[in-house]
Each structure stands twice: as structure tokens, then as C-alpha cells.
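[1] would you be able to build a 3D model of this:
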Amino acid sequence: MVIHRLALPLSAIAMVTAGLGCAHAQATPDPQTDEIAHTVRAGDTLEGLANAYLDNPRQWPLLQQRNKVADPRRLQPGSTVWIPVRLQPQASAQVEFVQGNATAQAPRGDAQPLAQGARLDEGTRLQVGPDSFVAVRLADGTLVRVQPQSDLQLRQLRRRGRAGSIQSVMEMRAGSVESSVTPSTDALRRFEIRTPRAVTSVRGTEFGVALAASGQATASVLEGTVAVQSRAEGALQPGADATLLARGQGLSVAPDGTLGAPRPLLAPPDLSTVPAQLHDLGLLAITVPATPGASAYVAQVARDAAMTQVLRSGRFADGQLRWAALDDGSYHLAVRAVDEAGIAGQPATRPITIKTRPVPPLYQQPAPGAVLPRVTGTLRCTEVPGARWYRIQVAASADFASPLLDEGRLSTCQLTLATLPLGNYFWRAATIAEPAGGAPDQGPFAPAQPFSVAQQPAALDLSSLQATDGDTIVRLHWPAQAGQRFRVQLAPDLEFKTITQDIQLDEPRWTSADGLAAGTYFVRIQVLDPSGLQSEFSPPRSIRVGTGLNTSSGLPLSTMGGEPVRRP
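    Take a look at the predicted model:
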């Protein structure tokens, strides 16, 4: 499979040609005048050429009329016969994948929503909206990936004769296109991406072309050899020489058409530190270490390793990649570093898995780094609606290589540390769901949190009922990325029909208001990222506000129905 990546806005000024041995194809603004130049060989006749190119030997008079040939059976070897592409049999394309908002408009029709499996005829105009993506398969197997905010017309879809190669021309009005072009030994095979001031033709290579808003164009080569030639006002500059780019090289083209010198592409970014499994809830957040020489990064997330089913894409000023969340599942990440000239470097790819559900509990106590008393110290976290069990682990190191405690079937999200010696530890918690008829499904652990166990001072002998304030205040904290803010909502009902509190926080922690009535509540959290993205509200967790009234054994005083006794 040959891959060609292109991103050419309307002001493009460079022609990039791959496969220098391919036949000449004249680029003109009117598709009705597109022609193929055939160099006559001994024995050629107009009837034979009409059969080879047009699949209709009876059309030889049209070739005679176009080329003003006196004797159709006696062609001069070495001369040129022009073959109008409009006379060739039409081919078609098919939509292989659609993500988001995209439309197709036939030459004499209205724009219609694009659907997977739809047939696209010559002249169809594709418009792809923001955060959207379309993959189109041509008749010869070539795959055209139309990127977000693109406007592309399938200007020409023709076949050379009955079994000859496909002649494809794409006309771009905006956006970017990536193409995987199938290899071919046909010297007359044609695949072009055009803009008003650029023609990019590809054959047997893997390369990319991009154009900044300033008018500066760039080219980068991943496989094969590419020739870049300057153009002006839609035509090649007289006497302009082509610059050849070998594998692993790129160059920039100034807005006036001046070609820069070839330079090595930046190395692939290091993705070894990207976790194989991501647990961020609400946002898809990936951090890539800095690549030497990089001024920006372009990245995509797709369902497949060939990046033909792209679900997320973007350009980022640094290695902090942020997208709207994706469903749990297996995906593929591709990242390229962009140098100061705007040239995209070598790609780095790796598979990733997203696993966010069932959501982990939120930690209630202890606070990070707090000290718990030996024997009676308790780890406590919120309940998660729909949970079957909770799993809590305690370890001496944050990597949990050798957990000291591992309780996987806790009916409530709490664990008493009765046997844990004095020392410093880490703990983490996860939710386990049990789908109907399915095996238990454990969600991701919440990030590890440190705590210590110390000897508890001697307790007072309180044989009667005590009133304390400790259970009347609930404190929550959760993991977060730097710079994120949060919206927290509290409600007495799981559907959040009645909102008790709705506040925004600058830190990933929340303390209930003093005087909040005792009872069970539900809390949910929304992430407000510095990028401007907002997550959906998290699935709710339940908390219980106590009364401060305890029995002589220290347990909350409750009614026969299990509800806390109200404060007077």
C-alpha cells in the first residue's frame, strides 16, 4: 500500500510529482479539456489507441478530429496523440467510513448527508465538517482520507480502456487529504490532487504536502522519491528545475515559489511513556515527551492501525494532546513532530486501550498523606451506583508490584486496616460491576494515594452517647491534570432533578457545606480543561452526611431503617 498525505489550501504554489517515469498529463482548469499525451510507437493506429484508451475502437474519428491526423493508420513514431479524458469510461468510488458531519453533492443535485457504503460518481463534491472524517475507496483500491473542515470534488474518475488503470483527479477547495495509493506498473496510471495553484501527482511513493495560511508550502517524504517544482499562476515557471526529495527528507516552499533546501525529517516522537491503557474519564488526555527541534505536533486516533477510520485528530503546540472522550475500546495513536519550517516529521504509532468504566470511586478518607491510627484506621471511598463490589489494594510502593492487602469483594467501599503494621503506604480502589449474564467487570483503579499508619493515642472511655462534628462534614478529592478546574453538583436524587449545590472549584477537592442536612446524597463532577474542552458530568457517586451522633462504640447513630438520626 502506498500512502500519500496532502494538505493544500487554495493558495498552493508548488507541484510535487512522484514517480518521474509516469506519462505526461496536461493540467488545465476545464475538466472537459483534460488530456493524456500518448507518444506514438511503430504500429500504432488511431483505432488501436481508441480501443486501448477509450474501450471503443469506433471512437477513432474523435481522436482524428482532435489531433488533425491525415491518415489514421499511419502515425508518425515519436509524435504525440492527445487522448481527451472525457471520452474514457467513467469509474466510481465508494464511501468506506464516515465520522461526524459530512455531505455529498452530485453535479446536478443537492447536498445529502454522507453514509457508509454510498456510491460516489465523477463530479461529486464532498464537504466534511469540524471534528469529522471520511474515507473514500476508489475503483483501483486507492483510499482517500478526507480530513476535518475539507471541501473536495471528485473531479475525474475514469478508466483507461476496459481493464486499464484508473485516472483520478481530486479538486480541493479547502482542508486536507491523505491518500493511500495502490502500487501500479501502468506508466499511464494517473492520480492527482489539485488546487488552483498546485498539482500533486503520486505514483509509487509515500509523502506529505502541507500549506500554511501564510502561503508557505511544505513537502515530506516517507518512502520513495518525490520531485518538487515551483509554479506560478497555475503554470510551471519556465526553466524551473525540480528538486528531488529522498526518503526521510522534506523542504519548504516560500510564498513566492522559492524552494528551500532539502532537510532531514524530525525523528518520530517517543511514545514509550504513553500508557498502554488510558483511564481518563471525560477527556482523552495523552502526554508526549518533547521531540528535539519540534515546534508543534499533529496527532490522530483511529480504530485501525492503517489510520483509515480516524475518530480524533488535531494539531497541538506541545505534547499535551487533548480530545473529547472516546468510548472504551482498542485504538491506534499516530503522532508526528513538526519542525520550525512547518514540515511534518516521521510518524510514531502505537496501540492504546481506553478503559474508564465502571468508574472508580472517589476517595473520602484519609486525605492524601494523612496519618491513620493502627488497628482502627479505615480507608473509605464513595459508593458507585450499579456497583456489585469494590476492590481496594494497599502496597508499600506506588507501583503496587506486591500488594500487602488486596480485597476484591467488598460490599461497601471501605477497608479497616486492622493488621497493617506501622509505616508508609499507598492505596487505590476500583469498582466491579456484574452485567446480567456476564462475568464480573472491573474498572480502572483510581490513582494511588499515600497515607501512613501510626500508633493511636489512648482513647477516652466514653460509655455514653457522644455528639461530634466529624461526620457532619464530607471531604472529597480526586486526580487531575495541571490547570484543570471543576464543576461539582450535589443532589439528593440519582437523576439530579433537585440540585442541592452547583459550584466551580479551582482545585480537585470539595468539602460539604457546614450544616448540610444529614442523609444520603449523590455527587457528580465535570472537568473544565485549560484547552477549553469540557467533559460530560461523571457518573454519580453517593456520599452520606452524618449527624455527629455516635454510639458508645463509635458507629453513627441510625434509625431502624438505616437512616442517620437527624440533628436537633
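[2] what strand or helix carries Tyr53?
    helix 46-54 (DSSP states H and E).
[3] buried sites along that helix?
    Going by neighbour count (16 or more other Cβ atoms under 10 Å), the buried part of helix 46-54 is Leu46, Glu47, Leu49, Ala50, Asn51, Ala52, Tyr53, Leu54. Bear in mind the C-beta positions are built from the backbone N, C-alpha and C, glycine included.
[4] need these in CSV with distance to Gly342 and pLDDT, can you?
    CSV is the format used below for the buried residues of helix 46-54 (distance: Cβ to Cβ, whole Å; pLDDT from 0 to 100):
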residue, distance to Gly342, pLDDT
Leu46, 48, 92
Glu47, 51, 90
Leu49, 44, 90
Ala50, 46, 89
Asn51, 47, 86
Ala52, 43, 83
Tyr53, 40, 83
Leu54, 43, 84
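[5] show me where pLDDT drops low in the chain?
    The chain contains residues with pLDDT under 70 at 1-33, 161-164, 186-188, 195-205, 207-208, 210-212, 231-241, 456-471, 531, 548-568.
[6] ok, 50 please
    1-32, 234, 236-239, 458-470, 568 (pLDDT under 50).
[7] and the helices in it, which stretches?
    Remark: helices assigned in the chain by DSSP state H are 46-54, 60-67.
[8] and the ones you listed as a markdown table, adding distance to Gln216?
    Shown next, in a markdown table, are these (distance: least, Cβ to Cβ, whole Å):
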| stretch | distance to Gln216 |
| --- | --- |
| helix 46-54 | 39 |
| helix 60-67 | 40 |
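[9] go through the ones you listed and name the closest to Leu114.
    Closest to Leu114 of those is helix 46-54 (Cβ to Cβ; 31.5 Å).
[10] how far off centre is the closest one?
    On the basis of Cα atoms, centre = their mean, to the nearest Å, helix 46-54 sits 47 Å off its chain's mean C-alpha point.
[11] what about the strands in the stretch 301-450 of the chain?
    Listed in chain order, the strands of the stretch 301-450 of the chain (DSSP state E, counting those that start in this stretch) span 310-316, 320-324, 329-338, 344-354, 363-365, 371-373, 378-381, 389-395, 405-410, 414-416, 423-433, 441-442, 449-454.
[12] kindly report the same for the stretch 51-200 of the chain.
    Using DSSP E, counting those that start in this stretch, strands in the stretch 51-200 of the chain cover 80-84, 92-99, 102-105, 111-113, 119-121, 125-128, 133-138, 143-146, 150-159, 166-174, 177-181, 190-195, 198-201.
[13] and of those strands, who's closest to Gln455?
    When the strands of the stretch 51-200 of the chain are compared by Cβ to Cβ, strand 92-99 sits nearest Gln455, at 58.9 Å.
[14] that closest one pairs with which strands?
    Strand pairing for strand 92-99, determined by DSSP bridges: strand 119-121 (antiparallel), strand 133-138 (antiparallel).
[15] pull stretch 315-322 out as PDB, backbone CA atoms only.
    This file holds the C-alpha atoms of stretch 315-322, laid out as PDB (Å, rounded to 0.1, in the frame of the first residue of the first chain):
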ATOM      1  CA  ARG A 315      -2.600  20.000  15.800                       C
ATOM      2  CA  PHE A 316      -1.000  20.900  19.200                       C
ATOM      3  CA  ALA A 317       1.500  23.500  20.200                       C
ATOM      4  CA  ASP A 318       3.200  21.000  22.600                       C
ATOM      5  CA  GLY A 319       3.000  17.300  23.600                       C
ATOM      6  CA  GLN A 320      -0.200  17.800  25.600                       C
ATOM      7  CA  LEU A 321      -2.700  16.100  23.400                       C
ATOM      8  CA  ARG A 322      -6.400  16.700  24.300                       C
END
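[16] flag every buried residue along it.
    So, applying 16+ other Cβ under 10 Å, buried residues of stretch 315-322: Phe316, Gly319, Gln320, Leu321, Arg322.
[17] what's the most distant pair in those?
    When Cβ to Cβ is used, the two most widely separated members of the buried residues of stretch 315-322 are Gly319 and Arg322, lying 10.8 Å apart.
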